[in-house]
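Student: got a predicted structure plus its sequence, pasted below:
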Amino acid sequence: MLKKLFGLKEKQTDETIVAPLTGTVKRLEDVPDPVFSQKMMGDGVAIDPSEGKVVSPVDGEIIQFFHTKHAIGIRSKTGLEILIHVGLETVTMNGEGFTGHVEEGDKVKVGDTLITFDLDLIREKAASTITPIVITNGDVLEEMIKLEVEQSEKGQSPILQTKVKS
């Protein structure tokens, strides 16, 4: 009641996370790396990309961008911290084949280009192209629903429906 009277906005708690890549959506448990499959970094999904472009899955801010450009962290409007890790063992590529399009501190909107990468080079030099998308601060979640999607379109296909604790 007071919030309505004084024009105060209620904190947003629901958020839809869209696919940051175009490709085949996989269960996180199926990622061939125990750090991700055993959810040591957090829960989420993975995408086996069919093209070399990562876009923002939410409106938010870049909070971490690894110097090798293979992984990026975003804080969403609801406070979720989302890690997108392109491929497995791609850190050993030392940035080869990766181009960053944002910097830490940048504000981003759904669909903004974050990283482009050479998919064929990753196939050649890394363990896998599969890309985990993980919520690293799951303690703030009240609920997370993994939507049943087989194929994703970057910046468009909803993959997770979340609600943070209020």
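Tutor: Received, thanks.
Student: who touches the longest helix seen in the chain?
Tutor: Scanning the chain for the longest helix, with DSSP state H as the assignment, gives helix 119-125. For helix 119-125, contacts defined as C-beta atoms under 8 Å, 6 or more residues apart in numbering pick out Pro49, Ser50, Glu51, Gly52, Val86, Gly87, Thr90, Thr92, Met93, Glu96, Gly97, Thr129. Using the backbone N, CA and C atoms, a C-beta is placed for each residue, glycine as well.
Student: in the protein, which spans are helices?
Tutor: 2-5, 34-37, 119-125.
Student: let's test this: mean pLDDT of the longest one, rounded?
Tutor: Pointing back at helix 119-125 there. The pLDDT scores in helix 119-125 average 98.
Student: tell me which residues of that helix are tucked away?
Tutor: Of all the residues in helix 119-125, those buried under the rule 16 or more other C-beta atoms under 10 Å are Leu119, Leu121, Ile122.
Student: surely Thr131 and Asp48 touch.
Tutor: Yes: applying C-beta atoms under 8 Å, one finds Thr131 in contact with Asp48, separated by 7.4 Å.
Student: which residues are common contacts for those two?
Tutor: Residues touching both Thr131 and Asp48 (C-beta under 8 Å, 6+ apart) are Gly23.
Student: more crowded one of these two?
Tutor: In terms of neighbours (other C-beta atoms under 10 Å), Thr131 is the more surrounded of Thr131 and Asp48; the figures are 27 against 17.
Student: looking at the sheet around that one, what are its partners?
Tutor: Assessed by DSSP bridges, Thr131 has beta-bridge partners Ile47.
Student: roughly how far does it sit from Leu119?
Tutor: According to C-beta to C-beta, to the nearest Å, Thr131 stands 11 Å off from Leu119.
Student: so what sits against both of those two?
Tutor: Pro49.
Student: count the residues that sit near Thr13.
Tutor: With other C-beta under 10 Å as criterion, Thr13 counts 15.
Student: buried ones in stretch 52-66?
Tutor: Result for stretch 52-66 [16+ other C-beta under 10 Å]: buried residues 52-63, 65-66.
Student: with only the CA atoms kept, save it in PDB.
Tutor: Taking C-alpha atoms only, stretch 52-66 is exported to PDB below (Å, rounded to 0.1, in the frame of the first residue of the first chain):
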ATOM      1  CA  GLY A  52      30.500 -18.600 -32.800                       C
ATOM      2  CA  LYS A  53      28.700 -15.800 -31.200                       C
ATOM      3  CA  VAL A  54      27.700 -15.200 -27.500                       C
ATOM      4  CA  VAL A  55      25.100 -12.600 -26.700                       C
ATOM      5  CA  SER A  56      23.800 -11.400 -23.400                       C
ATOM      6  CA  PRO A  57      21.100 -13.600 -21.900                       C
ATOM      7  CA  VAL A  58      19.700 -10.900 -19.700                       C
ATOM      8  CA  ASP A  59      19.700  -7.100 -19.100                       C
ATOM      9  CA  GLY A  60      22.600  -6.500 -16.700                       C
ATOM     10  CA  GLU A  61      26.200  -5.600 -16.100                       C
ATOM     11  CA  ILE A  62      29.400  -7.400 -17.000                       C
ATOM     12  CA  ILE A  63      31.100  -8.200 -13.700                       C
ATOM     13  CA  GLN A  64      33.900 -10.500 -14.900                       C
ATOM     14  CA  PHE A  65      35.600 -11.100 -18.200                       C
ATOM     15  CA  PHE A  66      38.400 -13.500 -18.300                       C
END
